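Novice: Need the 3D shape of this:
(chains A and B)
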Amino acid sequence: GAGVSQSPSNKVTEKGKDVELRCDPISGHTALYWYRQSLGQGLEFLIYFQGNSAPDKSGLPSDRFSAERTGGSVSTLTIQRTQQEDSAVYLCASSPRKLGRSLNFGPGTRLTVL
Amino acid sequence: GDSVTQMEGPVTLSEEAFLTINCTYTATGYPSLFWYVQYPGEGLQLLLKATKADDKGSNKGFEATYRKETTSFHLEKGSVQVSDSAVYFCALSDENYGGSQGNLIFGKGTKLSVKP
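Specialist: Now for the predicted structure:
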């Protein structure tokens, strides 16, 4: 079946602009995660949604970052007033249960802030 | 807090060589442990996992044993192939602790290059 999809695959923006990154999880997966992958830094947890529960936002690096998940499916990660240090690959993953036993990752969105 | 430490790369091996990528963890609960792999140009994929002490995860010739006494989950393969060239990530999920954590904590990744 279809895997996790993300769009756009690449995004180049100017410093100070807002960007929105989209994630379509696998149908029926109740948990959705956003991670950031920076060169040499591994994967950094950003935010996690589980069903209708309040999201775990503990990994968001600043208040410029926010995320929504509408209808328990599609999620949008928004970065306001982008900075050069926001440049990274943003990965979305979904899981059929709360915890990470079978995370399915999307291909990522490569964000470049000029 | 919980953390994962894995050996830094890059690791370069010749085909058919033996591979070990070290991974150790720190966790307050009873984590599940994972190895994920990212092939060039592709997304992360689960390679193998172990959910309790002494479990051995295996897949595609790779193995890792959950060692609680040494808090380790080292990845091994007896004979690597060029197609194994990728970045390997060790990760833990503290799901059995029952706490608020619901995410995977990843190591920084180890890049493996296998030469023919």
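Novice: Quickly run through the sheet partners of the lowest-mean-pLDDT helix or strand in chain B, with directions.
Specialist: None of the helices or strands of chain B scores lower by mean pLDDT, DSSP states H and E than strand B:105-106, at a mean of 88. When sheet partners are counted by DSSP bridges, strand B:105-106 sits next to strand B:86-93 (antiparallel).
Novice: related to what we said a few turns ago, so what's the gap between the least confident helix or strand of chain B and the chain middle?
Specialist: Taking C-alpha atoms, centre = their mean, to the nearest Å, one finds the center of strand B:105-106 at 10 Å from the center of the full chain.
Novice: With just CA atoms, put stretch A:2-16 into CSV.
Specialist: Taking only C-alpha atoms (Å, rounded to 0.1, in the frame of the first residue of the first chain), the coordinates of stretch A:2-16 have been written out as CSV:
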residue,chain,number,x,y,z
ALA,A,2,0.9,3.7,-0.1
GLY,A,3,3.6,4.8,2.3
VAL,A,4,4.0,8.1,4.1
SER,A,5,4.2,10.9,1.6
GLN,A,6,5.6,14.4,2.1
SER,A,7,5.5,17.6,0.1
PRO,A,8,7.3,19.4,-1.2
SER,A,9,10.3,17.2,-1.6
ASN,A,10,12.5,20.3,-1.7
LYS,A,11,11.9,23.8,-0.6
VAL,A,12,14.2,26.8,-1.0
THR,A,13,13.1,30.0,0.8
GLU,A,14,14.5,33.3,1.9
LYS,A,15,15.4,34.1,5.4
GLY,A,16,12.4,35.5,7.2
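Novice: May I see the buried residues of it?
Specialist: Neighbour counts over stretch A:2-16 (16 or more other C-beta atoms under 10 Å in any protein chain shown) mark A:4, A:6, A:11, A:13 as buried. Bear in mind the C-beta positions are built from the backbone N, C-alpha and C, glycine included.
Novice: Tell me where the model's unsure across chain B.
Specialist: Low-confidence regions of chain B, defined by pLDDT under 70, span residues B:94-102.
Novice: Please repeat the previous calculation with a cut-off of 50.
Specialist: Counting by pLDDT under 50, chain B shows low-confidence ranges at B:96-101.
Novice: in it, which spans are strands?
Specialist: Counting by DSSP state E, the segments of chain B that form strands are B:3-6, B:11-14, B:19-21, B:23-26, B:32-38, B:44-50, B:56-59, B:62-65, B:75-77, B:86-93, B:105-106, B:110-115.
Novice: Report the contact partners of residue B:36.
Specialist: Applying C-beta atoms under 8 Å, 6 or more residues apart in numbering or on different chains, we find residue B:36 in contact with A:105, B:44-47, B:88-89, B:91, B:106.
Novice: and the residues you listed, which are buried?
Specialist: Applying a neighbour-count criterion of 16+ other C-beta under 10 Å, the buried members of the contacts of residue B:36 are A:105, B:44, B:46-47, B:88-89, B:91, B:106.
Novice: Which members of these are the farthest-apart pair?
Specialist: Distances among the buried ones among the contacts of residue B:36 were taken as C-beta to C-beta; the most separated pair is A:105 and B:88, at 14.2 Å.
Novice: And the closest residue to residue B:57 other than its chain neighbours, how far from residue B:66?
Specialist: What sits nearest to residue B:57 in space, not counting adjacent residues and going by C-beta to C-beta, 6 or more residues apart in numbering or on different chains, is residue B:48, at 3.5 Å. For residue B:48, the distance to residue B:66 (C-beta to C-beta, to the nearest Å) stands at 11 Å.
Novice: With residue A:25 instead?
Specialist: Noted for residue A:25: a distance of 28 Å to residue B:66, by C-beta to C-beta.
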